[in-house]
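*Asks:* this one's structure only:
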């Protein structure tokens, strides 16, 4: 899934040319065909076992099944579609350079959050939209990053990453926190009807500033300071943890290769078709999911904030989460940082302001004024992550701490009335 530091491999093993392969390929695998492309789409990842939920979700909605069935079938259907959306963008990214490929993955990796947010916004579910945006940021910063650090720490004593690039993204997240804190404080200063109008004006102006900062960051990353985003993953084998410390000749957990050549697994027409079909299905199933959201929360006595902050981010982040953990066990921590912090930054600087401005065009009063509790949680979470990554190294304990922080946040919003 998305990464600002390079594209993520779609296979754990490099392609090996058949001994009888035509010499024209010079040891490289043959180009993908329609048959091999279709096979790769359906068999490349275990998350695809959830694909049967796609037709089930459509049928459940068309035939008015109980709203619980409608919610869960469409919920699980969106998980593999998010992965396929990532596969399509990865394949297209392989035909560009590393930086643009990583940026392409990161941008389209948040397409699910954008589409679901637009659908909820159109329905006027302002609380759900705000909670899902905050939840996506927290899920990436605490859950994805924490699980990746923990998983990588089981294979390596310490892992390194490009601290300059990571700190740049983290600094942009801090600017985003400022953009959320100011409107939150403003709404407590002016609380009448006129204040609400001014709050919307403040939020929309701030959204324009955030989008401008995002565009400037693209210029910074792609043109003026591209060298800062070069991978610096260490391959020092002395940091590998022994599996049996008391053994006279300790063995080590076998790390995956640190580099592997990537070649396209899909033809270009199949990649484009997969991107378009996945986007269309995400729009349909996302609409089905949102339509069942209110009766679902009422039946289980759940707050819309909890559903938006904890459950909905799983839809867009599940495949991303699996990928981040997988590459962490291969000591590719720059990719992990790109997945987690890069995606969080894009939610804050791209998806959030776009939704605010679209809400303005649609007449929906979406603002950047989160509740004081939500704003505080985001501020502390960004502060904690900045503290963890500032030395450019990670270990399993830091992962456990981030996971613990996420559990505290999830429990707090679960008990929140």
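*Replies:* Sure, I can see it. All values reported here derive from a predicted model rather than from experimental measurement. Numbering: from 1, shown residues only.
*Asks:* Least confident secondary structure element in the chain?
*Replies:* helix 98-109 (a mean of 63; mean pLDDT, DSSP states H and E).
*Asks:* In the following helix or strand past it, which residues are buried?
*Replies:* Elements were assigned by DSSP states H and E; along the chain past helix 98-109, the next helix or strand is helix 111-122. Buried residues in helix 111-122, counting neighbours by 16 or more other CB atoms under 10 Å, are found at 111, 112, 113, 114, 115, 116, 117, 118, 119, 120, 121. C-beta here means a position set from N, CA and C on the backbone, and glycine is covered the same way.
*Asks:* Next, the residue lying closest to the fourth one once chain neighbours are set aside: phi, psi?
*Replies:* Spelled out, it's residue 114. Nearest residue to residue 114 in three dimensions, chain neighbours excluded: residue 351, at 5.3 Å (CB to CB, 6 or more residues apart in numbering). Main-chain torsions, residue 351, degrees, to the nearest 10: phi -70, psi -50.
*Asks:* who touches residue 351 in this structure?
*Replies:* 110, 113, 114, 117, 133, 136 (CB atoms under 8 Å, 6 or more residues apart in numbering).
*Asks:* check contacts around the first one.
*Replies:* So that's residue 110. Taking CB under 8 Å, 6+ apart as the contact definition, residue 110 lies against 2, 136, 316, 343, 346, 347, 350, 351.
*Asks:* What about the residues you listed, which are in helices?
*Replies:* Applying DSSP state H to the contacts of residue 110, the entries found in helices are 136, 316, 343, 346.
*Asks:* Identify the farthest-apart pair in these.
*Replies:* 316 and 346 (11.6 Å; CB to CB).
*Asks:* who has more neighbours, the two?
*Replies:* residue 316 (33 against 27; other CB atoms under 10 Å).
*Asks:* How much space separates that one from residue 349?
*Replies:* As judged by CB to CB, to the nearest Å, residue 316 and residue 349 stand 17 Å apart.
*Asks:* go on, residue 392?
*Replies:* 23 Å.
*Asks:* Which one's more surrounded, those two?
*Replies:* Remark: of residue 392 and residue 349, residue 349 carries more neighbours, 25 against 17, as counted by other CB under 10 Å.
*Asks:* okay, that one: pLDDT?
*Replies:* Model confidence at residue 349, given as pLDDT, is 89.
*Asks:* who's in contact with it?
*Replies:* 172, 176, 210, 211, 213, 214, 217.
*Asks:* now residue 369: how far from residue 320?
*Replies:* Distance from residue 369 to residue 320, by CB to CB: 28 Å.
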